[in-house]
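In: With the input below, show me the fold.
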Amino acid sequence: MKKIVFISVVSLFSCNRNTQTAHPPVGGILSQKDLDVSKERMKNLNIIERGHIQEWIKVQPEKYYPTQLNYWVTVEGFDQRDKRPDNSLISYSYDLYDFDQTKIYDQAVERRDAKFGHFDELKAVENALRFIKDGEEVTLLVPSSLAYGTYGDEKKIDNDIPLIIKLKAL
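Out: This next block holds a predicted model:
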């Protein structure tokens with residue numbers, strides 16, 4: 001029930017048209033005022049999402065630990081490990097879930113021999129790949145700002161949706 005309330009509150013917040021302005025398509029030009037409004041909206045949304053994620057964590061049997069980049073992971077001290085260097089190769093896969101723990105896509109996203117510094121990935125995934133060990137599996141709890149943000153993925157993921165990402169280094 002808390003999961004449904006969480007998603008409902010996030011959806012209601014993102015639908016409040018009184019405080020939002022229309023954003024031009026990607027590549028469009030925003031005034032400084034529009035940029036400031038958008039930045040403030042994302043800041044407020046992030047605070048709300050973080051609070052809901054922390055409440056969700058409290059009722060989970062698994063422990064989650066905050067990272068410096070603003071997401072949670074199932075490994076304590078995860079982002080304190082040695083980082084993988086730029087231009088090193090990594091193969092990985094991940095599945096996306098909503099906070100009802102419903103899998104969003106049937107097929108996992110998988111990349112083979114991706115080179116750091118040369119691939120475009122979700123911010124939280126790219127950051128986690130820097131610290132994950134070969135063969136390790138971790139779960140990330142990611143606010144929408146580090147996932148698909150205000151645009152969604154234009155397929156199954158709407159705008160402003162926080163995600164659970166199950167990531168594995170192959």
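In: elements contacting the top strand by length along the chain?
Out: Across the chain, the longest stretch assigned as strand under DSSP state E is strand 89-97. With contacts defined as 3 or more C-beta pairs under 8 Å, 6 or more residues apart in numbering; DSSP states H and E, strand 89-97 has these neighbours: strand 109-115, helix 123-131, strand 163-169. The C-beta positions use only the backbone N, C-alpha and C, and glycine is treated the same way.
In: Dump that strand to PDB, restricted to CA.
Out: Provided in PDB are the C-alpha atoms of strand 89-97 (Å, rounded to 0.1, in the frame of the first residue of the first chain):
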ATOM      1  CA  LEU A  89      36.300  -2.200 -20.700                       C
ATOM      2  CA  ILE A  90      33.300  -3.600 -18.900                       C
ATOM      3  CA  SER A  91      30.500  -5.900 -19.800                       C
ATOM      4  CA  TYR A  92      27.300  -5.500 -17.800                       C
ATOM      5  CA  SER A  93      23.500  -6.000 -17.700                       C
ATOM      6  CA  TYR A  94      20.700  -4.500 -15.700                       C
ATOM      7  CA  ASP A  95      17.000  -4.800 -15.200                       C
ATOM      8  CA  LEU A  96      14.600  -1.900 -14.400                       C
ATOM      9  CA  TYR A  97      11.900  -2.100 -11.800                       C
END
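In: Buried residues in it, which are they?
Out: Neighbour counts over strand 89-97 (16 or more other C-beta atoms under 10 Å) mark 90, 92-97 as buried.
In: Return the residues in contact with Glu110.
Out: 91-93, 170 (C-beta atoms under 8 Å, 6 or more residues apart in numbering).
In: Kindly indicate which of those lies nearest Asn70.
Out: Tyr92 (20.6 Å; C-beta to C-beta).
In: Which strand residues bridge the closest one?
Out: Under DSSP bridges, the beta-bridge partners of Tyr92 are Arg111, Ala169.
In: follow-up on the earlier one: got the angle for the longest strand of the chain vs helix 123-131?
Out: 140 degrees (axes from the mean of the first three to the mean of the last three C-alpha atoms, to 10 degrees).
In: For the helix ranked longest in the chain, buried residues please.
Out: Criterion DSSP state H: the longest helix present in the chain is helix 32-58. Buried residues in helix 32-58, counted by 16+ other C-beta under 10 Å: 37, 41-42, 45-46, 48-50, 52-53, 56.
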